[in-house]
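*Asks:* Show me how the following folds:
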Amino acid sequence: MDVLKWVLAVAVVVAGVVAFYYFADQLFIYRVLMVVAATAVGLAIASQTDLGRSVLGLAHESTRETRKVVWPGRQETVQTSLAVTMMVLIVGVFLWVTDLLLSVGLRLLTGIGS
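*Replies:* Sure, this is the predicted structure:
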């Protein structure tokens with residue numbers, strides 16, 4: 001029975017996409033809403049399968065775990081962002097200087113570009 005539900009779910013979504021192009025003379029927002037509605041119906045049908053229920057369970061567990069996370073405060077976020085920005089700048093300058101030195105060295109060795 002699950003296979004039939006999956007086939008029906010995919011068929012509903014595909015029908016929504018086909019309808020999007022079939023009704024090309026209609027307003028864009030209506031066509032987008034039609035695809036969104038078809039996708040919602042397809043997901044509702046797919047959620048009635050064993051795999052769909054397990055995916056929904058995983059989503060609920062993920063949401064529950066996200067609530068347990070201790071998020072950093074403003075000061076820690078600013079300090080971390082500044083540290084990352086400084087390291088990116090330092091590594092960028094280092095790579096630029098390294099590239100410049102290698103370029104000069106290659107020009108001296110090969111004589112190309114002098």
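*Asks:* Every contact and neighbour count from this point should use C-alpha atoms.
*Replies:* Noted.
*Asks:* By residue count, what's the longest helix in this structure?
*Replies:* helix 74-110 (DSSP state H).
*Asks:* just checking, what packs against it?
*Replies:* Helix 74-110 is packed against no helix or strand, with contacts defined by 3 or more C-alpha pairs under 8 Å, 6 or more residues apart in numbering; DSSP states H and E.
*Asks:* now it: mean pLDDT?
*Replies:* Regarding helix 74-110, the rounded mean pLDDT is 96.
*Asks:* Ok, stretch 58-66 next?
*Replies:* Mean pLDDT, stretch 58-66: 94.
*Asks:* Next, the contact list for V12, please.
*Replies:* If you count contacts by C-alpha atoms under 8 Å, 6 or more residues apart in numbering, V12 has them with A38, T39, V41, G42.
*Asks:* Which helix or strand lies directly C-terminal to the strand or helix carrying it?
*Replies:* Per DSSP states H and E: V12 is located in helix 2-22. Using DSSP H and E, the helix or strand that follows helix 2-22 in sequence is helix 28-46.
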